[in-house]
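Colleague: compute the structure for the input listed below.
(2 chains)
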Protein chains: 2
Amino acid sequence: MNLTIKKALISVTDNYITTDVQVVNGKITAIAPNLEIIGTEINGENKLLLPGFFNAHTHSSEMWQRGVIPPLPLELWLAHLYDFTPLEVEQIYLSALGTAVETLLSGGTSVVDHLVLIPGKELETIATAVRAYQEVGIRAFIAPLIQDQSLSAGIPNGKAQLNHEPYFRPLAETLAIVEAAVKQFHQPEAGINILVAPTGIQLCSDDLFTGCIALSNKYNLCRHTHLLETKAQEKLAEEKYGCTGVEHLQEIGFLNSGTTLAHCVWLSKSDINILAQTQSTVVHNPLSNLRLGSGIAPIIKYIQAGINVTFGCDGASSNDSQDLLEAIKIGSILHNVTERDYQNWITPRQALGMASLGGAKGLNVENQLGSLTVGKQADLVLYDLNNLSLLPRTDPISLLVLGRPINVVNSAWVNGKQIINNGQITTINVDELRQEIFNRSHWGTQPKSVNVDKLSPHYRQVMGLD
Amino acid sequence: MNLTIKKALISVTDNYITTDVQVVNGKITAIAPNLEIIGTEINGENKLLLPGFFNAHTHSSEMWQRGVIPPLPLELWLAHLYDFTPLEVEQIYLSALGTAVETLLSGGTSVVDHLVLIPGKELETIATAVRAYQEVGIRAFIAPLIQDQSLSAGIPNGKAQLNHEPYFRPLAETLAIVEAAVKQFHQPEAGINILVAPTGIQLCSDDLFTGCIALSNKYNLCRHTHLLETKAQEKLAEEKYGCTGVEHLQEIGFLNSGTTLAHCVWLSKSDINILAQTQSTVVHNPLSNLRLGSGIAPIIKYIQAGINVTFGCDGASSNDSQDLLEAIKIGSILHNVTERDYQNWITPRQALGMASLGGAKGLNVENQLGSLTVGKQADLVLYDLNNLSLLPRTDPISLLVLGRPINVVNSAWVNGKQIINNGQITTINVDELRQEIFNRSHWGTQPKSVNVDKLSPHYRQVMGLD
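Modeller: The predicted structure follows:
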């Protein structure tokens, strides 16, 4: 766990320097030129050293449905997702490995997995994801995805009177599963964290939220949820609560400085103030928001209001990738078309700060992670600046954020342990993983979904599409 | 130049089949199962065969300024670009090679290079690009970028009375350079095409456009220009012509079925009708339009009006990449946030058609290129479906368009000649290219631009930013 990186390029305020970085017992112990070599010597020449990024919102098992779902808005896309969702524990294992590998190879050293639970095998699902992440060695924030309402309840009623099937699992049982997971697996010092993670206001009762708040307070857990991802959810919140979704979450006490909120596309001015006051974090998932037509989240307004923002890939069937550098690029430049004054546009350096320290803040670990700082844990990524996609040599961070870097991660460490060496994952056999995923799948055109056909007429009507 | 691809997956109407493809003398001669092997045998198993895409708008020498320019809108970005533009012929050679390599490795077999000419070395610039493209073997459409007004004339006056420096080269000389280039280099059968290519209404007189039209008619050349990329250009057209830029180009006879128009972000309803009537092609450059904050081109409206649309990367300093698959992905999903009805969203198959046949149509070669059709020329790309980024096996085209494919081009042929084999460019030494580009550049933060400081006050005033 000890190493010394020699002569790496690192970023300092508005500039770069070439320096050495020493890591002892998983922590950064010195950053200075000409350091004595302790542990393994790493050649940092022609390489850029950055803190690892956070893939701050994904659903690992969606990897199985990558390429499966046709162009549909969230509510119908979800119906399609439910029709073909993975039901085998072994699939959970493989897609968690795949999600970790793609995140690591695009600069991420932490992943927030809003993990879909196999019905009847909930704890086993969580245990399997824990095992996969520990094998790869990525830092994991596992957020078991829970709800207590059935899918159709997530679409606003409009003028219709609809009845929804009751959810199959009682709330108390669901909360007991989360509590059991916390007791068994929550070990921040070992790189495994459990979060409380209602799927969102669209499919969760207040009782579920308050149950999660109680667990969060009891075990000091971070909180994670989807929030106002679509126009339909904005309408639904109004129908359900007579106020905005943000106002309601504040009222019931869900929002605090350890709360990460995925999407936040449809927020009002006063919602923005609430997120700033409560020190909540917005997780920006730009690719999923485009793919599902959810909208462009007003990220520059959030930044101006002082809200902490970080990036996520979202699940691989709404993206359909887990490339964090792609999410950072699009999540930065996308806002240039909504913000008129270029002086407010997100700069590449700002974007990298959001992806690293922004993630750490949202998960209440900014004292331990998110920057190259002596005393912090060594979650580090070394980028090969010799790669054609990062040439010619200009501004390394601008090349990394604005370009389309391919195969640029030379090395990565989590807690000082090397996970990538010379561009290859060292902890698991990626060829075997590839072969397993290959064997368990088959090519074909996108399958038809019964659920989509069932929900479409009402969705089209209530969203004014007919 | 003869080859037989065995057992490749190809796309047929709404489905896939496994079949063989035979190429003789650079043309596709048969597509059927169990074909006799003629020439080299290529193993197509677990691979997807597609027609090569068109990178239908780029400026190769901008590769030198990748990562150089801070977040700025087009008009100020251009000022920065002009300050640091490459002036050595050897740079033109290297950046044309680099542009070709990145295009090929992301599925493109044709490139439209709106080539910036070194003052005083115009023909030499063109000759150098021709040499580079012939060495790599990519099909090249070289569009020498010409204008006859100086940079500041591209910003609307508003209420100010501005004087602009005269352009350094007389118009007749400029047109003579283009004509000389046509005579020396225009050889479609050898894969080199010259286009007439005014930079756009913002910096070109009517005399320049009509001079180009005359050359186009005399030598049967395609036409290429930027069109209404920014809100500022929309204003400028109104100031210059008292009508829209599209109306003016129609009036002077520039628009026809061999005209490709880069960007087209700010078009009116009647402009859309004009493009449809004249059978002009829109080249969509989504990444550049985001990066420069130009806007979201209303591509779905164009498609609905029957306008042919294809994709471009635009120059590498406004993107800052030349990854065509990235442009196709973002150029497809971006419109889901502006078009309310998901039934009109661009499907992955539609996107691939735009990138291949759409490009061929715009360049008047749809009878020879753009689809897997017996009798057409063999510009082909074989994708490795075994790659982790294209797994699990679901719908191959959806994975390719919606995912983030990395290192997936296994083989590529232009006119039946193999350019990529087993993921490696075979015609040039890419490591040497990398080393040359490395040696000619140095890291640093983004440099300051004198021109930007000079033009900013007027730009901010006329665009209402202060």
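Colleague: just give me how far stretch A:172-184 sits from the chain centre.
Modeller: Distance of stretch A:172-184 from its chain centroid, counting by C-alpha atoms, centre = their mean, to the nearest Å, is 22 Å.
Colleague: whoops, I mixed them up, stretch A:426-441
Modeller: In terms of C-alpha atoms, centre = their mean, the gap separating the centre of stretch A:426-441 from the centre of its chain is 23 Å.
Colleague: buried stuff in that stretch?
Modeller: When burial is assessed from 16 or more other C-beta atoms under 10 Å in any protein chain shown, stretch A:426-441 yields the following buried residues: A:427-428, A:430, A:433-434, A:436-438, A:440-441. In short, each C-beta sits where N, CA and C put it, glycine included.
Colleague: same check, this time on stretch A:357-377
Modeller: Under the neighbour-count criterion of 16+ other C-beta under 10 Å, stretch A:357-377 has A:357-366, A:368-370, A:372, A:376-377 buried.
Colleague: how long is it from one end to the other?
Modeller: Distance between the boundary residues of stretch A:357-377 (C-alpha to C-alpha, to the nearest Å) amounts to 13 Å.
Colleague: what's the mean pLDDT across that stretch?
Modeller: Mean pLDDT, taken over the full extent of stretch A:357-377, equals 98.
Colleague: likewise for stretch A:25-44?
Modeller: Across stretch A:25-44, the per-residue pLDDT values average to 98.
Colleague: anything in that stretch near chain B?
Modeller: No - on the criterion C-beta under 8 Å from any C-beta of the partner chain, stretch A:25-44 is out of touch with chain B, staying 13.4 Å away.
Colleague: please, which helix or strand holds the spatially most central residue of chain A?
Modeller: The central residue of chain A, meaning the one whose C-alpha is nearest the mean C-alpha position (C-alpha atoms, centre = their mean), is A:His57 at 1.9 Å. When secondary structure is defined using DSSP states H and E, the element that contains A:His57 is strand A:53-58.
Colleague: mind giving me the packing neighbours of that strand?
Modeller: Contacting strand A:53-58 under the criterion 3 or more C-beta pairs under 8 Å, 6 or more residues apart in numbering or on different chains; DSSP states H and E are the following elements: helix A:89-104, strand A:108-115, strand A:259-263, strand A:281-284, strand A:308-311, helix A:324-333, helix A:348-355, helix A:357-362.
Colleague: quick one: the strands in the stretch 151-300 of chain A, in order.
Modeller: Secondary structure of the stretch 151-300 of chain A by DSSP state E, counting those that start in this stretch: the strands cover A:192-194, A:197-198, A:223-227, A:259-263, A:281-284.
Colleague: which residues are contacting the last one?
Modeller: Among residues not part of strand A:281-284, those counted as contacts by C-beta atoms under 8 Å, 6 or more residues apart in numbering or on different chains are A:56-57, A:112, A:259-264, A:275, A:297, A:299, A:302, A:307-312, A:327, A:331, A:354, A:358, A:361-362.
Colleague: now do the shortest one
Modeller: By C-beta under 8 Å, 6+ apart, the residues outside strand A:197-198 that reach it are A:114, A:143-147, A:204, A:208-209, A:212, A:223-225.
Colleague: closest to chain B among those?
Modeller: The shortest separation between chain B and any of these is 19.9 Å, and it belongs to A:His114 (by C-beta to the nearest C-beta).
Colleague: near the closest one, how many other residues are there?
Modeller: A:His114 is flanked by 29 other residues according to other C-beta atoms under 10 Å in any protein chain shown.
Colleague: could you do A:Gly39 as well?
Modeller: 14.
Colleague: contact partners for it?
Modeller: Residues counted as contacts of A:Gly39 (C-beta under 8 Å, 6+ apart) are A:1-4, A:23-24.
Colleague: which of those residues sits closest to chain B?
Modeller: Once C-beta to the nearest C-beta is applied, the member of these that ends up nearest chain B is A:Thr4, at 22.1 Å.
Colleague: give me the element the closest one is part of.
Modeller: Here A:Thr4 sits within strand A:3-12, counting by DSSP H and E.
Colleague: for the helix or strand following that strand, buried residues please.
Modeller: If you walk from strand A:3-12 toward the C-terminus, the next helix or strand you reach (DSSP H and E) is strand A:15-24. Applying a neighbour-count criterion of 16+ other C-beta under 10 Å, the buried positions in strand A:15-24 are A:16, A:19-24.
Colleague: low-confidence stretches in the stretch 1-150 of chain A?
Modeller: Along the stretch 1-150 of chain A, no part satisfies pLDDT under 70.
Colleague: identify the residues contacting the closest residue to A:Ile17 other than its chain neighbours.
Modeller: When the adjacent residues along the chain are set aside, A:Ile17 lies closest to A:Ile10, with 6.1 Å between them (C-beta to C-beta, 6 or more residues apart in numbering or on different chains). By C-beta under 8 Å, 6+ apart, the contact set of A:Ile10 is A:16-19, A:21, A:31, A:48-50, A:372.
Colleague: returning to what we had before: I'd like the next helix or strand past the strand holding A:His57.
Modeller: Taking DSSP H and E as the definition, the helix or strand right after strand A:53-58 is helix A:74-83.
Colleague: could you check the angle strand A:259-263 makes with that next one?
Modeller: The directions of helix A:74-83 and strand A:259-263 differ by 100 degrees, with axes from the mean of the first three to the mean of the last three C-alpha atoms, to 10 degrees as the criterion.
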